[in-house]
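J.: Need the 3D shape of this:
(one chain, ligands or ions: 1)
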Amino acid sequence: MIFDEGVRWEMLKPAEFLERRAVKPVVYLPMGLCEPHGHIAPFGLDTIEADWLCDQAARRFGGIVAPTMAYHIHEAGYHGPWLEEVMGTVNPLLAALPPHLLLETLLYQFRAFRNAGFRAVVVVSGHHGSQKDLRMVADAFADKFPIQHFVRTDPELVAGQFTGDHAGRYELSQLLAIRPDLVDMTRAARVDTDPLGRFAQNPDVTMATAEEGAAILGASLVAIGNAVSAFTFNDDEFSHICFDAIEPLAAELNARKKHWATLNVA
Ligand SMILES: [Zn+2]
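T.: Numbers count the residues shown, from 1 in each chain. Modelled structure (predicted):
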């Protein structure tokens, strides 16, 4: 990934950080992971897409992009049977975290964002399925420490216009628009001959086009732009939140574990 250095928290110096934050105190958190995306695409497709959307959004609508969260929930709950379906017994070469670690981390990420003076958080997850729990965390944090937030997975951004998929036409179209150099469509037929089998590749993947990808990404950015323009800002001072203040919130969320979408199979 080639980051937009002018909007990335880790690449900004303090003067430019404060300048950007003063204009638009919005922080974007890209989320993704490494998981199988067929023979034609790299493991980090979800991350690459989320990074791209956040960089573009910050450039167009203002704000700063937080360090990417490149590990995500997998294997647990409904992910287990899904893996079995698309991978069989093949090693998926995953970089996954269990829900409790990911969700608690997100809680502390919100703390970091608020302490760093942001007044609104945009979370864009390129990995679909965990959205209910991500929003549960955002809501729980904002109830206690008010902050505006917009938390979506990528297919949610374009709901009603495009249908999300996994390693198929929808996802590969976007990667073709962002990083065509990382796609090798000549490998699509390997699903029939390779010992790795399908490797989670979707049968319609060869229908992907960069044009469709650009349309999907454009619609996604419109949705993010609308969310950012709905945020309102004032000069209220926020007091610092210490680590200890988050612990009861984390405990409360953990106590509701049996209701977490990411732990349920259905
Ligand atoms: Zn994906």
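J.: what does this structure put close to the ion?
T.: 45-46, 171 (CB under 5 Å from the ion). Where you see a C-beta, it was placed from the backbone N, CA and C, and this is true even at glycine.
J.: May I ask which of those has the most neighbours?
T.: Leu45 (29 neighbours; other CB atoms under 10 Å).
J.: just checking, that residue touches Gly126?
T.: Yes. Contact criterion CB atoms under 8 Å: Leu45 and Gly126 qualify, at 7.2 Å.
J.: which residues do the two both contact?
T.: With contacts defined as CB atoms under 8 Å, 6 or more residues apart in numbering, the residues shared by Leu45 and Gly126 are Gly32.
J.: mind giving me TSV with the residues of the chain next to the ion and columns for pLDDT and secondary structure?
T.: Below are these laid out as TSV (pLDDT from 0 to 100; DSSP: H, G, I helix; E, B strand; the rest coil):
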residue	pLDDT	secondary structure
Leu45	98	helix
Asp46	97	helix
Glu171	97	helix
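J.: quick one, what contacts the closest residue to the ion within the stretch 151-266 of the chain?
T.: Closest residue of the stretch 151-266 of the chain to the ion, CB to the ion: Glu171 (5.0 Å). The contact partners of Glu171, taken as CB under 8 Å, 6+ apart, are 37, 41, 45-46, 49, 164-165, 202, 208.
J.: Would you mind listing where the stretch 1-150 of the chain has pLDDT under the threshold?
T.: Across the stretch 1-150 of the chain, the ranges flagged by pLDDT under 70 are 1.
J.: repeat that for 50
T.: For the stretch 1-150 of the chain, no stretch is flagged by pLDDT under 50.
J.: Show me the strands in it, by range?
T.: Applying DSSP state E, counting those that start in this stretch to the stretch 1-150 of the chain gives strands spanning 26-31, 64-65, 72-73, 96-97, 120-125, 148-153.
J.: Relative to the whole chain's centre, how far out is the first one?
T.: So that's strand 26-31. Centroid separation for strand 26-31 versus its chain: 8 Å, with CA atoms, centre = their mean, to the nearest Å.
J.: what angle sits between it and strand 120-125?
T.: 20 degrees (axes from the mean of the first three to the mean of the last three CA atoms, to 10 degrees).
J.: which other helices and strands contact strand 26-31?
T.: Applying 3 or more CB pairs under 8 Å, 6 or more residues apart in numbering; DSSP states H and E, one finds that strand 26-31 contacts helix 45-61, strand 64-65, helix 99-115, strand 120-125.
J.: starting at the chain centroid, how far to the third one?
T.: In terms of CA atoms, centre = their mean, the centre of helix 99-115 is found 14 Å from the chain centre.
J.: Show me which residues of it are buried.
T.: 99-100, 102-104, 106-111, 113-114 (16 or more other CB atoms under 10 Å).
J.: before we move on, what about the first one?
T.: Residues of helix 45-61 classed as buried by neighbour count (16+ other CB under 10 Å): 45-58, 61.
J.: Just give me the residue right at the centre of the chain.
T.: Centroid-nearest residue in the chain: Ser125, 1.6 Å away (criterion: CA atoms, centre = their mean).
J.: residues contacting that residue?
T.: Contacts of Ser125 (CB under 8 Å, 6+ apart): 31-32, 46, 50, 72, 131, 134, 151-154.
J.: where along the stretch 151-266 of the chain do the strands fall?
T.: Assigned by DSSP E, counting those that start in this stretch, the stretch 151-266 of the chain shows no strands.
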